[in-house]
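Visitor: Dropping a prediction and its sequence here:
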Amino acid sequence: MTTPQVVVHRDKELMAQATAARLITKIVDAQAARGTASVVLTGGRNGNGLLAALATAPARDAVDWHRLDLWWGDERYVPADDPERNHTQAREALLDSVPVDPARVHAMPASDGPYGADVDAAAAAYAAELARAAGPEDHGPVPRFDVLMLGVGPDTHVASLFPEHPATRETDRTVVGVHGAPKPPPTRISLTLPAIRAAREVWLLAAGEDKAGAVSIALGGAGGVQAPAAEAYGRSRTLWLLDRAAAAKLPSGMYPPASA
Ligand SMILES: O=C(O)[C@H](O)[C@@H](O)[C@H](O)[C@H](O)COP(=O)(O)O
């Protein structure tokens, strides 16, 4: 387990812009070191806000978009062209604006795809795709992602792992179907906490006063079943990227003063 680092930015716009710059640098460094990089995207307002900031970042094209593997931490199990899809929203925010290699954009299956209504089979297929992408150096059934990003829900959920939900308790599988999610739509696919923790770095994004309670609970020692964000940590780094509003309930002194 890695001790969470906390960085607080003035507001959600600056948090998105700063995190976009941080992600560019991380990808560039990974590509320089290993010739490739792998990043796990997240849905939601903060996740898509980051992608939109990345699309207009001055250093955007320092990234070799063709040598980047993109995965998702979760997906809504709806038809492929449904605007509710995280993949659809990521394409609109960024992916349609940069020269990614389509073969390296690993979207999760859609409900009108080969698995139909069987979300558990769809989840197993994504787990198999991750396992195929893992190499001997990854020491496990998922690639050692350079950065795995997670939005944080007001109930402390991350990906589609909700408090006290069976998917959150999963300890063996890397990807599961989620039934009856409290955040609509109810049927989803999600990486599990063990898969999340395979990442080199886990970055948790939370902006807005509606996240202050979740941030305080997750960083205040709660367990991962009650507060999934509390146990979403990376192998070498766990980074909470907040704005002042989301940090408002943290103990004073827990982090340096917010950026300008
Ligand atoms: O599929 C999803 O809905 C997301 O992956 C979900 O985990 C999201 O990141 C959080 O709910 C935070 O969403 P907001 O940033 O919109 O609050």
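Guide: Now that the structure is in, tell me what you want to look at. Residues are numbered from 1 along each chain as shown.
Visitor: quick one, what contacts Lys12?
Guide: Asn46, Gly49, Ala207, Gly208, Asp243, Ala245 (C-beta atoms under 8 Å, 6 or more residues apart in numbering). Glycine gets a C-beta too; all of them are placed from N, C-alpha and C.
Visitor: Now intersect the residues you listed with the helices, please.
Guide: Asn46, Gly49 (DSSP state H).
Visitor: who wins for most neighbours among the contacts of Lys12?
Guide: Ranked by neighbour count (other C-beta atoms under 10 Å), those have Ala207 at the top, with 28 neighbours.
Visitor: Which member of the contacts of Lys12 is positioned nearest Arg169?
Guide: Distance to Arg169 across the contacts of Lys12 (C-beta to C-beta) is lowest for Asn46, with 25.3 Å.
Visitor: List the residues that contact Ala55.
Guide: With C-beta under 8 Å, 6+ apart, Ala55 has these contacts: Ala93, Leu94, Ser97, Val98.
Visitor: In terms of distance to Leu250, which of these ranks first?
Guide: For the contacts of Ala55, the nearest to Leu250 is Ala93 (28.4 Å; C-beta to C-beta).
Visitor: and the closest one, how far is that from Ser38?
Guide: 19 Å (C-beta to C-beta, to the nearest Å).
Visitor: what do you get for Ala90?
Guide: Distance from Ala90 to Ser38, counting by C-beta to C-beta: 15 Å.
Visitor: now do Leu161
Guide: 20 Å.
Visitor: Pick out the residue of the stretch 101-250 of the chain closest to the ligand.
Guide: Gly151 (2.3 Å; C-beta to the nearest ligand atom).
Visitor: So for that residue, what pLDDT did the model give?
Guide: With respect to pLDDT, Gly151 scores 98.
Visitor: For the spatially closest residue to it that is not a sequence neighbour, the count of nearby residues, please.
Guide: Leaving aside its chain neighbours, Gly151 sits nearest to Gly44 (3.7 Å; criterion: C-beta to C-beta, 6 or more residues apart in numbering). Per other C-beta under 10 Å, the neighbour tally for Gly44 reads 20.
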